[in-house]
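Student: Make a model of this:
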Amino acid sequence: MFYINYFLISFSILGYGVLFSKLLGLKIRNFGFIGFYGLSLLTFLSYLTAPFFVHSFTFNTFVLVLGLVFFSLILKEKINLKKNILVHIIIFLILILFITAAKTHDDFPYYHFPYSYILTQMEHPIGLGHANPGFRNASSLFFLNSLFYLPGTEIYLMQIYSVFFLGFANIIFINFIFDKKNFKEFKFANFLGLISISYLNTFFYRMAEHGVDRSAMIIVFIVALISALILKNINSKKLYKENLDLFFFISILLALIASTKSIYLLYIPLGLVFLFFWRKNFFLIIKSYAILYSITFVSIYLLYNFINSGCIVYPADFICYYDFSWSLNRELILNDNIWFELWSKAGASPTYQVENQKLYISGFNWFSNWIDNYFFNKVSDYLLGLLFLLTIFYSIFYKNFNNKKGYNNFFVKNFLLLYFFFIFIFL
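Tutor: Residues are numbered from 1 along each chain as shown. Here you go, the predicted structure:
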């Protein structure tokens, strides 16, 4: 029953993706695009229903079956259905290994599963942040997870949300890798898809590593690839509608990224990079259904943060409100603010913490300890692995770019603003 429900969920997600594309007038390219449309719409539906309906067996079964009915709408679309279904089945068959070969993330029993499970037992309560520190930022992934509580599998499919992000991302990258049109006109997209799929399946292959971070990181790779296509033809009047449709896809992905964890709200301004290029049509674009949906999606995520803790983003004191009955007290929030910073700067771990916390996190007092306890060996091993992967791709494929005139100028002129944005996010 586990595997039957697993595949039924994957096709139900596609069904909601088809419905979503119809409602918003978005072009369907392949099952990867449809999959992320479906993940977004299902999460949105979970947001809307959680305060009023328990995500019980009955409710979730109805949602699942409805998605399978919506999937029949794809028969009217002009895509190679047999090829897409075959690729979909192969990818998700392979990813069964991803599910069964590893344990869940360390934080899964602490707050990932409990949050989702609560939604299957009662309507979403106010002030949930008092019950568990992990509940104070309401990740959209927990809401999506609550819809996988189904008869026959019960709680045992409530850890697999990450497999759908990884699966649909693989489908998108595979389609870009084998796109003949891009290979003739813009082979950079083929190779970016190839290095992305290699990276994700090399570094993100264990479910134990997928907390609420990795799903967002997977989407960032897709955003980077789609951004390359948009920036290539940003000034082309002929491809304006095509670019705009891709931008709407990015806006939906950015909303999904931002809702997984509060730190990823930093990615939302990426949309402004493209709006800058299309500034003459700014108000026309901003009033589109896709943009309005994306804004609403992020707003609901922030609303859940607020009703859980009294903070729009926890534990940012300047946007916390302490006058509500469910609000957490300010001293707790300020202490948590210090604790989050202390943890990220290697001043605390499950086995130790420094004595003078405020002194440690100020200035660069933390840096040498962070180098000893975090950079070596977590960051260093990761960077060495990434450097090895990039070296392989550079040595094999560099000539393919170097022989094509204009690529260097293209990178410098059109990607400069995008590079600055990612550098800003990094800093």
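
Student: Give me the residue at the spatial middle of this protein.
Tutor: For the chain, the residue nearest the mean C-alpha position is Ala216 (2.8 Å; C-alpha atoms, centre = their mean).

Student: Surely that one and Tyr264 touch.
Tutor: Yes: contact criterion C-beta atoms under 8 Å: Ala216 and Tyr264 qualify, at 4.9 Å. Any C-beta I mention is one placed from the backbone N, CA and C, and that applies to glycine too.

Student: what is in contact with these two at once?
Tutor: Here Ala216 and Tyr264 have Ile257 as joint contacts, going by C-beta atoms under 8 Å, 6 or more residues apart in numbering.

Student: Please, which helix or strand holds the residue nearest to the centre of the chain?
Tutor: helix 214-232 (DSSP states H and E).

Student: got it, and Ser12?
Tutor: helix 2-24.

Student: Tell me the spacing between Ile234 and Arg29.
Tutor: 19 Å (C-beta to C-beta, to the nearest Å).

Student: higher neighbour count, these two?
Tutor: Neighbours per residue, other C-beta atoms under 10 Å: of Ile234 and Arg29, the larger number sits with Arg29, 19 against 16.

Student: A helix includes the more buried one, no?
Tutor: No: per DSSP: H, G, I helix; E, B strand; the rest coil, Arg29 lies outside any helix segment and is coil.

Student: In this structure it contacts Ile79, no?
Tutor: Yes: at 7.5 Å, Arg29 counts as touching Ile79 under the criterion of C-beta under 8 Å.

Student: Tell me the confidence at the closest residue in space to Ile312 that isn't next to it in sequence?
Tutor: Distance criterion C-beta to C-beta, 6 or more residues apart in numbering; nearest residue to Ile312, sequence neighbours excluded, is Ile319 at 4.4 Å. If you check Ile319, the pLDDT there is 94.

Student: likewise the one 3 residues further on?
Tutor: In this model, Tyr322 is scored at 94, pLDDT.

Student: Could you count how many residues lie near it?
Tutor: Tyr322: 12 neighbours (other C-beta under 10 Å).

Student: what residues are up against it?
Tutor: 310, 329-330.

Student: now do 6 Å
Tutor: Arg330 (C-beta atoms under 6 Å, 6 or more residues apart in numbering).

Student: pretty sure it is in a helix, no?
Tutor: No: applying three-state DSSP, one finds Tyr322 to be coil, outside a helix.

Student: Now it. Its backbone dihedrals?
Tutor: Dihedral pair for Tyr322: phi -100, psi 0, per degrees, to the nearest 10.

Student: shaky segments in the stretch 301-427 of the chain?
Tutor: 399-414 (pLDDT under 70).

Student: just so I have it, where are all the helices in it?
Tutor: 330-344, 357-361, 367-370, 380-402, 407-426 (DSSP state H, counting those that start in this stretch).

Student: before we move on, back to that, the residue nearest to Ile312: neighbouring residues, count only.
Tutor: Ile319 is flanked by 14 other residues according to other C-beta under 10 Å.

Student: same thing with Gln357?
Tutor: Counted with other C-beta under 10 Å, Gln357 comes out at 17.

Student: Let's verify His105: helix, strand, or coil?
Tutor: What three-state DSSP gives for His105 is coil.

Student: Over to the residue nearest to it when sequence neighbours are not counted. Which of the three states is it?
Tutor: Closest residue in space to His105, ignoring its immediate chain neighbours: Gly211 at 4.6 Å, by C-beta to C-beta, 6+ apart. Gly211 falls in the coil class when you classify it by three-state DSSP.

Student: okay, now Gly211: neighbour count?
Tutor: 19.

Student: ok, it touching Asp107?
Tutor: Yes: when contacts are counted by C-beta atoms under 6 Å, Gly211 is listed as touching Asp107 (5.4 Å).

Student: what comes into contact with the host helix or strand of Leu141?
Tutor: Assessed by DSSP H and E, Leu141 sits inside helix 140-146. Outside helix 140-146, the residues that touch it by C-beta under 6 Å, 6+ apart are 43, 46-47, 55, 115-116, 119-120, 158, 161, 212, 259-260, 301.

Student: Pick the one among the residues you listed closest to Glu341.
Tutor: Val212 (18.7 Å; C-beta to C-beta).

Student: Look up how far Leu144 lies from that closest one.
Tutor: Taking C-beta to C-beta, one finds Val212 at 11 Å from Leu144.

Student: Also Phe376?
Tutor: 36 Å.

Student: ok so, going back, torsion angles phi and psi at the residue nearest to His105?
Tutor: Here Gly211 shows phi and psi, under degrees, to the nearest 10, equal to phi -90, psi -130.

Student: Tell me the pLDDT of it.
Tutor: For Gly211, pLDDT reads 84.

Student: quick one: average pLDDT of the host helix or strand of Phe164?
Tutor: Applying DSSP H and E as the criterion places Phe164 in helix 161-177. Confidence over helix 161-177 (mean pLDDT, whole number) is 94.

Student: So which bits of the next helix or strand after that helix are buried?
Tutor: Next helix or strand after helix 161-177 toward the C-terminus (DSSP H and E): helix 180-185. Buried positions in helix 180-185, judged by neighbour count with 16 or more other C-beta atoms under 10 Å: 182-183.
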